[in-house]
Structure formats: C-alpha cells, structure tokens
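Trainee: got a structure for you, letters missing:
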C-alpha cells in the first residue's frame, strides 16, 4: 500500500513539474500568431497551418518536399510554375505584423524572387510581403497603401548564396525593421496603415500572375499580427517554431501520462 502511495506521489510530482513548463513551451503560440507553416508534411499538395487558424496552403503547379533546417522543407523551381496559395481571411489583414521564415536561395535570373507576399499584381493592391531584392540579392520588404508601395526597405546581407538564412520583417505602425539571421539590418520609419487587400498570400512567388518565382527552399514560416521583438525573433530562429510553439506537445503529454500510469 505504501509503495503504491509513493508511486502515486511521484507520479503527481512529476506531472506537476512537467506541466509547469508548458507556459514556456507554448509561449510562442500567443494571440498574435496568425499562421505557421512548418513544411514537415513530406507528401501531398497541402501545407498545413500549425497555428490551428485554418490557413492551409495549396500547391499550384509542381513542388518538391525536401530536407531543411528543422525537419522538412518545400523546394520551389524558380520559374513561377510552382507555388503555394493561402486564401485571404480577416485575420490576415494586418496593420502591425511580422513575417519570418528560413530560406535557402540560389542565384537566379528571375527578378524579385517572391518569398511570402500578399498581393494580386504590383503595388496598387499590395498589403505586405518579403522578396529577394533584384539587384543586390538581399532581403527586401514592402508595404502598400493602395496607391503604390510607400514602404520599401532592403537588408544588407546577400542571401542568394545557397546557404540557410533566417529572415524576418516587422512593422509596428511606426517603424519597419528587417532582420537576417537574428540581427537587425535595417530600420525605416513608416506611419501609413497598410492597404487591406483581399488577395491571397502566395509563398514562392510575388503573386499568382507573376513568373518571378523563388529558386530555393523555404522552412518554418510564421505570420504574426504584432511586431516581434529582436529577442523573440532570435528565439524562433534558435529553437525552431515546432519546438517553440509546442506543436506536437499534446500528443507527447498523453503518451507520457499513459506510460506513467501503467508503470505505477
């Protein structure tokens, strides 16, 4: 009897200790996390939104699953023939934002390789987006205001070197900031509200009518409705979104709990 009590006590103590860490485990999945694409599917033509907000992406054309920084990634052909479309919803119409992703980009003859963009065609109805800049091969970010691209900024690190880079663009309503590999490279003031476009998000091209496709691989992308801090960006880069957001944690907790109960 006493051994059973001790076992139950140990079980309760372990469970309390284990669940006490859930706050930090789920810290990244806050109310500002709008969409998360981990690209770990490995098959099929759908990219799951791990945030649970339903922003699944669908393939247009042919794309290839491949290995990446954290598990799987998605390889894009570079000619605009293959990309991912995410339909627009109200929670993707952002006035403050963060776009972040891991990318491995090759040199290409395509102009303005699109990474993650929300627009139909050109600046007129652009909401927000990040690209590979056409001349310097650096991170480029834009925000449109309905009549043109009022905010445009470039990073400083060449990212078309066939190496992995973590990219992030934040906008807090007053200032846009570009980060490469966790380091702030550019900040530029901008106080106009972004144009609220109903156009879809495209991953791997600037828009659905554009052939300037990305030549490379994307892994672990997130869109947030707040300007993430430099510390938050570095944490996501270091830990990976899967671990930071605890995407697989509920299933793991259930398995551990069942195992502990059976052994007691």
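Mentor: Perfect, thanks for sending it. In this text, all values refer to a predicted model and were calculated from it rather than measured experimentally.
Trainee: what about stretch 96-113, average pLDDT?
Mentor: The pLDDT scores in stretch 96-113 average 91.
Trainee: work out the gap between that stretch and the centre of the chain.
Mentor: Averaged C-alpha coordinates place stretch 96-113 at 12 Å from its chain's average position (CA atoms, centre = their mean, to the nearest Å).
Trainee: give me the buried positions along it.
Mentor: 96-105, 108, 110, 112-113 (16 or more other CB atoms under 10 Å). Quick note: C-beta positions are derived from backbone N, CA and C, even for glycine.
Trainee: out of these, what pair is the most spread apart?
Mentor: In these, two members sit farther apart than any others by CB to CB. They are 96 and 108, at 31.4 Å.
Trainee: where in the stretch 1-150 of the chain is pLDDT low?
Mentor: 1-29, 120-125, 146-149 (pLDDT under 70).
Trainee: quick one, helices of it?
Mentor: Applying DSSP state H, counting those that start in this stretch to the stretch 1-150 of the chain gives helices spanning 2-20, 22-25.
Trainee: sorry, back to before: so which of the buried residues of stretch 96-113 belong to strands?
Mentor: Cross-referencing those against strands under DSSP state E gives 97, 98, 99, 100, 101, 102, 103, 104, 105, 113.
Trainee: one step back: got the buried residues of stretch 96-113 as a markdown table, with distance to residue 163 columns?
Mentor: Shown next, in a markdown table, are these (distance: CB to CB, whole Å):
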| residue | distance to residue 163 |
| --- | --- |
| 96 | 30 |
| 97 | 26 |
| 98 | 23 |
| 99 | 20 |
| 100 | 17 |
| 101 | 15 |
| 102 | 11 |
| 103 | 10 |
| 104 | 7 |
| 105 | 9 |
| 108 | 15 |
| 110 | 19 |
| 112 | 20 |
| 113 | 15 |
